[in-house]
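S.K.: Return a 3D structure for these sequence lines:
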Amino acid sequence: MSGNLSRPLLVRHARLRWDDRRGQHQLVFPEGMLVLNESGAAIVRLCDGRTVAELVAALSQSFSDVPLAGDVTVFLDRLAQKGLLRDANT
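M.R.: Numbering: from 1, shown residues only. Sure thing, here's the model as predicted:
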């Protein structure tokens, strides 16, 4: 489980977008923007209230040759610390 998040969900003021001009995934929010690589964007897309285990299982279908659970948890924790994720149960 990721920190205190059992079902990660993007906060209302954050959104994932693709910037055609720069050719990059961006997580934008009032205080700024984070540029995400493909795997980061894939994780954020799945932050829709499903459990962390379900999120990892869904990612494993695309990234089957890599152990994901630890890296996904660290990434989710970082986004939560920045106030960009909340738990869907709250």
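S.K.: what helix or strand is the most centrally placed residue in the chain on?
M.R.: The structure's the chain has its C-alpha centroid closest to Val44; by CA atoms, centre = their mean the separation is 2.7 Å. Element membership of Val44 [criterion: DSSP states H and E] is helix 38-45.
S.K.: and that helix, average pLDDT?
M.R.: The average pLDDT within helix 38-45 is 94.
S.K.: Figure out how far the helix or strand that it is followed by is from the centre of its chain.
M.R.: Sequence-wise, the next helix or strand downstream of helix 38-45 (DSSP H and E) is helix 52-62. Distance of helix 52-62 from its chain centroid, counting by CA atoms, centre = their mean, to the nearest Å, is 12 Å.
S.K.: which residues touch helix 52-62?
M.R.: Helix 52-62 is contacted by residues 1-2, 5-8, 39, 42-43, 46-47, 50, 68-69, 72-73, 76 when judged by CB atoms under 8 Å, 6 or more residues apart in numbering. To be clear about C-beta, it is placed using only N, CA and C from the backbone, and glycine gets the same treatment.
S.K.: which residues touch His25?
M.R.: His25 neighbours (CB under 8 Å, 6+ apart): Leu16, Arg17, Trp18, Asp19, Val35, Leu36, Asn37, Glu38, Gly40, Ala41, Val44.
S.K.: could the residues you listed go into JSON lines alongside distance to Asn89?
M.R.: JSON lines is the format used below for the contacts of His25 (distance: CB to CB, whole Å):
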{"residue": "Leu16", "distance to Asn89": "21"}
{"residue": "Arg17", "distance to Asn89": "26"}
{"residue": "Trp18", "distance to Asn89": "29"}
{"residue": "Asp19", "distance to Asn89": "32"}
{"residue": "Val35", "distance to Asn89": "30"}
{"residue": "Leu36", "distance to Asn89": "25"}
{"residue": "Asn37", "distance to Asn89": "29"}
{"residue": "Glu38", "distance to Asn89": "29"}
{"residue": "Gly40", "distance to Asn89": "24"}
{"residue": "Ala41", "distance to Asn89": "24"}
{"residue": "Val44", "distance to Asn89": "19"}
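S.K.: picking that back up, helices or strands next to the helix holding Val44 in the packing?
M.R.: Applying 3 or more CB pairs under 8 Å, 6 or more residues apart in numbering; DSSP states H and E, one finds that helix 38-45 contacts strand 15-19, strand 24-29, helix 52-62, helix 69-81.
S.K.: Thanks a lot, see you next time.
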